[in-house]
Each structure stands twice: as C-alpha cells, then as structure tokens.
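Student: return a 3D structure for these sequence lines:
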Amino acid sequence: MNKTINLLTIITSLFLISCESNNIIKTRADLTFKSISFMSAYGASEEEYEKLNRQIDSLVLNKNSLTEEQKLFIYFKKLRNLKLLNKPYIFIRLDQDSILPVYLSYTEYDKVKSFRHVELFDENKKVELELDLIKKSDNIYYSENITSIKKVDGTSHSNGN
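Tutor: Numbering: from 1, shown residues only. Predicted coordinates for the structure are as follows:
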C-alpha cells in the first residue's frame with residue numbers, strides 16, 4: 001500500500017512537471033532598447049504604486065470609445081491580475097520585425113540591467129540572450145530563467161530599428 005502511494009506520488013509529480021514545462025518557450029533573441037516606455041510600475045514608490053492601483057480600480061469603461069489612457073489602464077489591470085504590474089521588463093528582438101516585451105523576475109533583471117544601448121552601440125556590440133519564456137496572456141510573456149547572456153559583435157538596436 002505504501003509503495004503504491006509513493007509510486008502514485010512520483011507519477012503525479014512527473015506529470016505536473018511535464019505539464020508545467022510544456023508552457024515554457026525556449027527563446028534566443030537580442031536584447032533591444034526602447035527610449036521611452038511605460039509598461040509596468042517597476043521602480044515606482046509604494047505611494048505611486050497605490051495611486052496607480054486606485055486609478056486602475058476607478059476606470060470607467062465606455063465601450064464605444066476608449067481613450068489611450070483607458071487602454072493603458074486596461075493593460076495595467078491585466079498585468080496586475082497576472083501579478084506582473086510591478087515587475088521589471090526588457091525588450092527582446094526576435095527578428096527584424098518582431099520586438100517583444102518580457103517581464104522578468106527581479107533576479108533575472110539584475111543580470112541584464114547594467115547593459116546600456118549607447119555603450120553597446122559605441123563598442124559595435126549587442127547582447128544575445130537565451131531565456132525561457134512563459135506565455136501569461138496574449139502578447140504578455142514572463143521569464144524567471146535567462147540561461148545565457150553573451151556580449152557579441154553586432155549592432156545593438158533601439159526603438160525597433
């Protein structure tokens with residue numbers, strides 16, 4: 001009986017790990033930069049963060065015409081529901097036409113936050129990343145595992161260029 005319970009526990013654990021790993025997308029991309037972006041409340045003070053949450057909560061939706069501000073708050077509400085609103089983020093360039101924002105754990109962000117576009121550009125270098133992406137929602141990705149960071153010869157891009 002005890003062996004059966006242990007065996008079932010092991011099988012269930014392997015099944016759960018297998019299911020969880022199916023949601024991970026192994027990705028190789030270049031780190032890219034945006035001059036101006038406001039895609040989360042990362043770096044906001046507690047007071048600013050609470051103010052933003054109150055604004056999100058007070059959002060009144062007019063289904064006929066959404067303002068840009070309302071669209072932003074809808075996006076922030078989605079991030080809050082996914083527990084990403086106060087997470088740091090980066091942009092990765094998958095190919096010439098595809099730049100993707102990726103939210104990161106604080107530990108992973110610490111690995112890449114020191115890279116500066118101007119310095120990379122001056123050195124004719126770029127940063128290649130290999131990371132595990134988790135799709136949280138349509139066009140919203142998260143990573144808690146950057147498996148490789150390489151500074152290599154090449155052109156570092158910004159603003160989709």
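Student: which residue is nearest the centroid of this protein?
Tutor: residue 103 (1.7 Å; Cα atoms, centre = their mean).
Student: helices or strands up against the helix or strand that contains that residue?
Tutor: Take DSSP states H and E as the rule and residue 103 turns out to sit in strand 98-104. Using 3 or more Cβ pairs under 8 Å, 6 or more residues apart in numbering; DSSP states H and E, the elements in contact with strand 98-104 are strand 89-95, strand 125-137, strand 140-143. Placement of C-beta: from N, CA and C, glycine included.
Student: could I get the ones you listed as JSON lines with mean neighbour count?
Tutor: Output for these, formatted as JSON lines (neighbours: other Cβ atoms under 10 Å):
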{"stretch": "strand 89-95", "mean neighbour count": "18"}
{"stretch": "strand 125-137", "mean neighbour count": "18"}
{"stretch": "strand 140-143", "mean neighbour count": "20"}
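Student: export those as JSON lines, with columns for distance to residue 56.
Tutor: Shown next, in JSON lines, are the helices and strands packed on strand 98-104 (distance: least, Cβ to Cβ, whole Å):
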{"stretch": "strand 89-95", "distance to residue 56": "18"}
{"stretch": "strand 125-137", "distance to residue 56": "16"}
{"stretch": "strand 140-143", "distance to residue 56": "16"}
